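In: Pasting a predicted model and its sequence here:
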Amino acid sequence: MGANSSKKLAAKCSFLSKDEQLIVSNSFKLASKNSERIKEEELTKLWGNQMDPRLLQYLNNYLFGIGDQRQSTVDLERFAELFVFCTRGTVDEKMKVLLISLGKSDSESNDIPYILVKEYVESIVASYMKIQKLSNTKQFRSWFSRGCFTSAQNIQRFAESLTHELATGESITRRALEVWLQGATILGQLLTFVSMYLFNISHKEKGAVTNEKPGPIQSEEQVTTTEKEKDRSLVPFCRGLDLIPSYPSILDLNQIVFINANLPQQYQLEWRFLFSSEIHGESFSTLIGRIVNQGPSVLIVEDRNGYMFGGFAPANWELGPKFFGDDSSFLFTLAPRMRVFPSTGYNQHFQYLNLHQQTLPNGLAMGGQHGYCGLWIDSEYGKGHTSESCTTYSGYQQMSHSKEFSFRHLEVWGLGSPPPTPQEKGERVGMSVLDSNTESKAILKLAGKTMHSEGYREKSPL
């Protein structure tokens, strides 16, 4: 069967869009070696080095069947069905893929062991991470070149975080699986990315597979489709480390993707390095100087017991006596397990930052109230606490090993482009001392000191 025949067959699959017809027909042609059916050994040869071996087995189960029902070949319609179900399928269609992949009937009403579902999800996460390395995109390289790798332990933690709400017993009802799949947005993004990659593997002359740096099949229409899918990679571009060649990364790529996937979509494309205690020293005032007026940010802490946790701060950090921010804020843990604690809407205590005050707490806070914060970093650098409970964030549990902790590492990343400077906003910037050292100016204001000279400035020279 030639290329035109595969395209004609794909065109008959009414559930495929024109873009999808091109992807599926080209992929089918490659895997089938221009015949009318794909042999299991040929597909295994094509896909085997591209993903976790467990996911390969699951997908082969779906395509070729289980046990006595297993066939040695698969036709284009079934092949196309897998692509559509994995990339944009309904809950029922994704349920069908999951059940058949696990060796169950899609009409089966029996409960499914939790461990099987967790293993299925783990195979998707592991494949996603492997494909990131194989793809070697600019986003991936921007982290990998800084010592950011992927560990098996964090793959397991990531997978467990995606399934933990199902872990109420040893087995899961079909209804519970449906509800979970309906809300499994991050898992859906990972599976879509993996599927788009597998069905877009490039090939050399005579259909030889390129396993070193696979990419999309080269056609103008298909490249457009693939470019759109890059937005779903969930790996942000790492910026701000050009002048720091020996950046001591503590983040694993799984942890970065976990945090990034939970951010508002407009902040998922780029992380800007702002502060690291390893680079900038152990100084709270230095921390403030590097994060104030830098836009939304992610703060990450590692305590001396190896617990990692932090928070997403959607508002500019500013010195002041009150809490601020909005309900897109959340706290999270990275080790020993991955969890996200979104806003409850109960109060607006999202962000707080203060320094050099006698009557107010001095430090950085997210959530809760003074003395009982979801996350507190004291102005006496190196100390903090995470409360046992926090009404600001849903499902919250104490994030550090002990309530009062000392930390060995703190880092902050800005999200997206930095806010415009006064010059960029067209504001007049003179040489007055009143325009410099905004931190001290804010502290004076908080202390109730009137700046009598505020209105008396020398005129700028003409």
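Out: Great, that's in hand. Numbers count the residues shown, from 1 in each chain.

In: so residue 190 sits in a strand?
Out: No - with DSSP: H, G, I helix; E, B strand; the rest coil as the criterion, residue 190 is helix rather than part of a strand.

In: neighbours of it, just the number please.
Out: Residues lying near residue 190 (other C-beta atoms under 10 Å) number 26. Just so you know, the C-beta spots here come from the backbone N, C-alpha and C atoms, and that holds for glycine as well.

In: Tell me who's in contact with residue 352.
Out: By C-beta atoms under 8 Å, 6 or more residues apart in numbering, the contact set of residue 352 is 320, 322-324, 361, 364-366, 373.

In: hmm, I was thinking of residue 73
Out: Counting by C-beta under 8 Å, 6+ apart, residue 73 has contacts 37-40, 64.

In: Ok, residue 66 next?
Out: Counting by C-beta under 8 Å, 6+ apart, residue 66 touches 100, 103.

In: Ok, residue 246 next?
Out: Residue 246 neighbours (C-beta under 8 Å, 6+ apart): none.

In: Correct me if wrong, but it is in a strand.
Out: No - secondary structure of residue 246 (three-state DSSP): coil, not part of a strand.

In: Residue 327 versus that one, what's the distance?
Out: 39 Å (C-beta to C-beta, to the nearest Å).

In: and the residue nearest to residue 269 when sequence neighbours are not counted, how many neighbours?
Out: Of all residues beyond its chain neighbours, the one nearest residue 269 is residue 236 (5.9 Å), with distances taken as C-beta to C-beta, 6 or more residues apart in numbering. Residue 236: 24 surrounding residues under other C-beta under 10 Å.

In: Can you say which helix or strand has residue 94 in it?
Out: According to DSSP states H and E, residue 94 maps onto helix 91-101.

In: Show me what counts as buried in that helix.
Out: 93-101 (16 or more other C-beta atoms under 10 Å).

In: Show me what stretch 370-377 is in contact with.
Out: 284, 287, 299, 301, 309-311, 331, 341, 352, 361, 363-368, 383-387, 389-390, 392-393, 396, 399, 407, 410.

In: quick one on the thing from earlier: with pLDDT and distance to residue 166 added, can I get the contacts of residue 352 in CSV?
Out: Output for the contacts of residue 352, formatted as CSV (pLDDT from 0 to 100; distance: C-beta to C-beta, whole Å):
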residue, pLDDT, distance to residue 166
320, 93, 42
322, 94, 40
323, 96, 35
324, 96, 36
361, 92, 40
364, 97, 35
365, 97, 33
366, 98, 29
373, 96, 31
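
In: Grab the two from those that are most spread out in space.
Out: Pairwise distances across the contacts of residue 352 peak at 15.9 Å for 320 and 373 (criterion: C-beta to C-beta).

In: Which one's more surrounded, these two?
Out: When residue 320 and residue 373 are compared for neighbours, residue 373 comes out ahead with 23 against 15, by other C-beta under 10 Å.

In: what secondary structure does the more buried one sit in?
Out: With three-state DSSP as the basis, residue 373 sits in strand.

In: Which elements pack onto the helix holding residue 94?
Out: Packing contacts for helix 91-101, counted by 3 or more C-beta pairs under 8 Å, 6 or more residues apart in numbering; DSSP states H and E, involve helix 53-64, helix 76-88, helix 114-135, helix 174-183.

In: just checking, what's the longest strand in the protein?
Out: As assigned by DSSP state E, the longest strand anywhere in the chain is strand 404-415.

In: domains for the chain, by residue range?
Out: 3-230, 265-415 (automatic domain parsing).

In: Run a quick neighbour tally on residue 359.
Out: 8.

In: cool, the one 5 residues further on as well?
Out: Counted by other C-beta under 10 Å, the residues lying close to residue 364 total 27.

In: what sits opposite it in the beta ladder?
Out: Assessed by DSSP bridges, residue 364 has beta-bridge partners residue 353, residue 377.

In: Report the separation between residue 87 and residue 241.
Out: Separation of residue 87 from residue 241 (C-beta to C-beta): 34 Å.

In: if I pick the residue lying closest to residue 401 once chain neighbours are set aside, what's in contact with it?
Out: Excluding the flanking residues, the one nearest residue 401 by C-beta to C-beta, 6+ apart is residue 305, at 3.6 Å. By C-beta under 8 Å, 6+ apart, the contact list for residue 305 reads 400-402, 405.

In: Mind giving me the PyMOL command for buried ones among the residues you listed?
Out: Selecting the buried subset of the contacts of residue 305 in PyMOL, with 16+ other C-beta under 10 Å as the burial test, is done by:
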select buried, resi 400+405
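
In: got TSV for the contacts of residue 305, with pLDDT and distance to residue 183 too?
Out: Output for the contacts of residue 305, formatted as TSV (pLDDT from 0 to 100; distance: C-beta to C-beta, whole Å):
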residue	pLDDT	distance to residue 183
400	97	28
401	97	30
402	96	33
405	96	32
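
In: Closest one of the contacts of residue 305 to residue 45?
Out: Of these, the one sitting nearest to residue 45 (C-beta to C-beta) turns out to be residue 401, at 47.6 Å.

In: Any figure for the gap between that closest one and residue 335?
Out: 10 Å.

In: Touching both of these two, which residues are there?
Out: Taking C-beta under 8 Å, 6+ apart as the contact rule, residue 401 and residue 335 both touch 306-307.

In: mind listing the helices for the stretch 301-450 of the chain?
Out: 438-446 (DSSP state H, counting those that start in this stretch).

In: So which residues of it form strands?
Out: Assigned by DSSP state E, counting those that start in this stretch, the stretch 301-450 of the chain shows strands spanning 308-313, 330-335, 339-342, 352-354, 363-369, 372-378, 383-385, 404-415.

In: Could you say which one of these comes nearest to residue 107?
Out: strand 339-342 (34.4 Å).

In: Now do that closest one: distance to the chain's middle.
Out: Relative to its chain's centre, strand 339-342 lies at 13 Å (C-alpha atoms, centre = their mean, to the nearest Å).

In: Kindly report the same for stretch 187-204.
Out: Remark: stretch 187-204 is offset 17 Å from the chain centroid, using C-alpha atoms, centre = their mean.

In: which secondary element of the protein has the worst mean pLDDT?
Out: helix 220-230 (a mean of 38; mean pLDDT, DSSP states H and E).

In: and the next helix or strand after that helix, what's its mean pLDDT?
Out: Downstream of helix 220-230, the first helix or strand assigned by DSSP H and E is strand 237-239. Over the span of strand 237-239, the pLDDT mean works out to 94.

In: tell me the angle whichever helix or strand comes after strand 237-239 makes with strand 308-313.
Out: For strand 237-239, the succeeding helix or strand toward the C-terminus, using DSSP H and E, is helix 253-262. Here helix 253-262 points in a direction 30 degrees away from that of strand 308-313 (axes from the mean of the first three to the mean of the last three C-alpha atoms, to 10 degrees).

In: CA atoms only: put helix 253-262 into PDB for me.
Out: Once non-C-alpha atoms are left out, helix 253-262 reads as follows in PDB (Å, rounded to 0.1, in the frame of the first residue of the first chain):
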ATOM      1  CA  LEU A 253      12.700  18.200  35.700                       C
ATOM      2  CA  ASN A 254       9.700  16.300  37.200                       C
ATOM      3  CA  GLN A 255       9.400  18.900  39.900                       C
ATOM      4  CA  ILE A 256       9.600  21.800  37.500                       C
ATOM      5  CA  VAL A 257       6.900  20.300  35.300                       C
ATOM      6  CA  PHE A 258       4.800  19.500  38.300                       C
ATOM      7  CA  ILE A 259       4.900  23.200  39.500                       C
ATOM      8  CA  ASN A 260       4.600  24.600  36.000                       C
ATOM      9  CA  ALA A 261       1.500  22.500  35.100                       C
ATOM     10  CA  ASN A 262      -0.300  24.000  38.100                       C
END
